[in-house]
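In: structure for this input, please:
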Amino acid sequence: MPKIIYVTQDAVRHEIDVENGYSVMEGAINNNINGIVAECGGACACATCHSYVDESWVEKLNEMDDMEDSMLDMAFDRKENSRLTCQIEVSDELDGLVVYVAENEF
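Out: The predicted structure follows:
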C-alpha cells in the first residue's frame, strides 16, 4: 500500500498508508489530517483540500485538468505546485508522495 506523507500547517509529518484508487484527499479525511477540509466531498467544487505538492513530485502526478485549474483560482495562496488532493489518485507510483497542507480553514 502506498505511503503518502502529509505535512500539516503546524509542520507535523504524518506518514499514512493509503489504498490504491483512493484520492490523496480521502486518505487525509480517513486519517483525520488537520487542514484537509474537503467540504464538497471530493467533487472538485470547493478547493478546501488544497495542498502544495513537494517539488520533486510535481512532474510525476497526472496533469491538472481545466476544472481543477479553475477551482484552484479560488484557493488561498495558490502556488506553482498547488493541487487539489481530491484530484490526485493514489497508486503504487506515488509511494512516498509528500504534500504540504495549505491554509484551507478561514
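In: could you use CA atoms for every contact and neighbour count after this?
Out: Noted.
In: how about the most centrally placed residue in the chain, phi and psi?
Out: Nearest to the mean C-alpha position of the chain, by Cα atoms, centre = their mean, lies residue 85 at 2.6 Å. Dihedral angles of residue 85 (phi, psi; degrees, to the nearest 10) stand at phi -70, psi -20.
In: gap between it and residue 18?
Out: Separation of residue 85 from residue 18 (Cα to Cα, to the nearest Å) stands at 13 Å.
In: ok, now residue 71?
Out: Residue 71 sits at a distance of 25 Å from residue 18 (criterion: Cα to Cα).
In: which one of these two is surrounded by more residues?
Out: residue 18 (23 against 17; other Cα atoms under 10 Å).
In: what pLDDT does the more buried one get?
Out: If you check residue 18, the pLDDT there is 98.
In: swap in residue 106?
Out: The score at residue 106 is 62. That number is its pLDDT.
In: just to revisit the earlier point, joint contacts of residue 85 and residue 18?
Out: residue 24 (Cα atoms under 8 Å, 6 or more residues apart in numbering).
In: tell me where the chain has helices.
Out: Along the chain, the stretches classed as helices by DSSP state H are 24-30, 66-72.
In: including mean pLDDT and distance to residue 40, could the ones you listed go into TSV?
Out: Below are the helices of the chain laid out as TSV (pLDDT from 0 to 100; distance: least, Cα to Cα, whole Å):
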stretch	mean pLDDT	distance to residue 40
helix 24-30	98	11
helix 66-72	97	12
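In: any stretches of this structure with poor pLDDT?
Out: 106 (pLDDT under 70).
In: what about the strands in it?
Out: 3-7, 13-17, 50-53, 82-84, 98-101 (DSSP state E).
In: partners of the last one, with directions?
Out: Strand 98-101 has the following sheet partners, assigned by DSSP bridges: strand 3-7 (parallel), strand 50-53 (antiparallel).
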